[in-house]
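> I'd like to go over a predicted model; first the sequence, then the structure.
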Amino acid sequence: MSSGTATVASRTLSPSLTRSPARFLFWTVPPPSFKGDIVTPDDPGYSGEIARWAVNAERPAGIVAFVKDTNDVALALEYAWMNNLQIATRCGGHSASGASSTKGGLVVDLFCYFNYAVVDPEKRTARMGAGTLWATVEKEVIQYGLASVAGTVNHVRVDLLMTCTSCQY
């Protein structure tokens with residue numbers, strides 16, 4: 001680093017975006033380019049946002065970022081890096097091990113804005129968002145007389161079962 005700048009993934013950050021020595025500098029106001037939503041422990045509804053399928057998997061996150069696009073993901077990850085925060089990704093919150101939670105760190109929530117399925121009935125395929133649950137896929141494919149073939153629990157995220165099962169539409 002020179003002149004107060006830092007390089008992250010081949011990008012140079014301005015001096016105001018260099019890594020902070022403070023561990024928990026929460027966004028009081030997200031950057032203007034952040035399109036999603038931010039929830040911190042002081043916000044109403046915080047406990048509902050960190051709730052998980054298994055109570056033993058819940059951790060009190062320092063901040064939850066409900067990202068709307070890849071730019072939001074990049075900003076959230078950059079923020080976590082600058083503040084030395086542990087990162088967890090939440091899709092369906094089904095991880096009994098607590099992998100979708102982090103104590104005091106940043107949770108990148110993909111479920112809120114990336115829980116969708118778009119069906120192409122001609123090709124008999126579906127495109128899904130990164131936070132999609134099988135219930136969402138089932139609801140969409142059934143409209144075209146199709147079915148999802150992957151597991152029996154529809155409140156599990158798509159990517160979890162796709163790594164274990166062959167899927168066809």
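Looks like it came in fine.
> okay, CA-based contacts and neighbour counts for the rest of this
Will do.
> Pass me the low-pLDDT residue ranges in this protein, would you?
1-29, 94, 150-169 (pLDDT under 70).
> Of all the helix elements in it, which one is longest?
helix 70-82 (DSSP state H).
> Mind giving me the packing neighbours of that one?
Applying 3 or more C-alpha pairs under 8 Å, 6 or more residues apart in numbering; DSSP states H and E, one finds that helix 70-82 contacts strand 106-109.
> 7 Å instead?
For helix 70-82, not one helix or strand is in contact under the criterion 3 or more C-alpha pairs under 7 Å, 6 or more residues apart in numbering; DSSP states H and E.
> Can you tell me, leaving aside adjacent residues, what's nearest to Y113?
Closest residue to Y113 apart from its sequence neighbours, by C-alpha to C-alpha, 6 or more residues apart in numbering: K68 at 5.7 Å.
> ok, the one you found - how many residues close by?
18 (other C-alpha atoms under 10 Å).
> quick one: secondary structure of it?
coil (DSSP: H, G, I helix; E, B strand; the rest coil).
> This protein - how does it break down into domains?
6-112, 115-162 (automatic domain parsing).
> quick check, V118 in a strand?
Yes: V118: assigned to a strand according to three-state DSSP.
> got a list of what it touches?
Residues near V118 by C-alpha atoms under 7 Å, 6 or more residues apart in numbering: 126-128.
> cutoff 6 Å now
Residues near V118 by C-alpha atoms under 6 Å, 6 or more residues apart in numbering: 126-127.
> With V108 instead?
65, 89.
> Quick check: beta-bridge partners of it?
For V108, the beta-bridge partners under DSSP bridges are A65, T89.
> how much space between it and K123?
Distance, V108 to K123, using C-alpha to C-alpha, to the nearest Å: 32 Å.
> thinking again about what came up before, is it true that the residue nearest to Y113 touches F34?
No: using C-alpha atoms under 6 Å, K68 is not in contact with F34, being 8.4 Å away.
> Need phi/psi at V141.
In terms of degrees, to the nearest 10, the main-chain angles of V141 are phi -70, psi -30.
> With the one 5 residues further on instead?
Per-residue torsions, L146: phi -110, psi 170 (degrees, to the nearest 10).
> And it, how close does it get to W134?
Distance of L146 to W134, given as C-alpha to C-alpha: 14 Å.
> next one: A61
For A61 relative to W134 (C-alpha to C-alpha), the value is 26 Å.
> between these two, which one's more packed in?
W134 (28 against 23).
> ok, now how distant is the more buried one from A147?
From W134 to A147 the distance is 11 Å (C-alpha to C-alpha).
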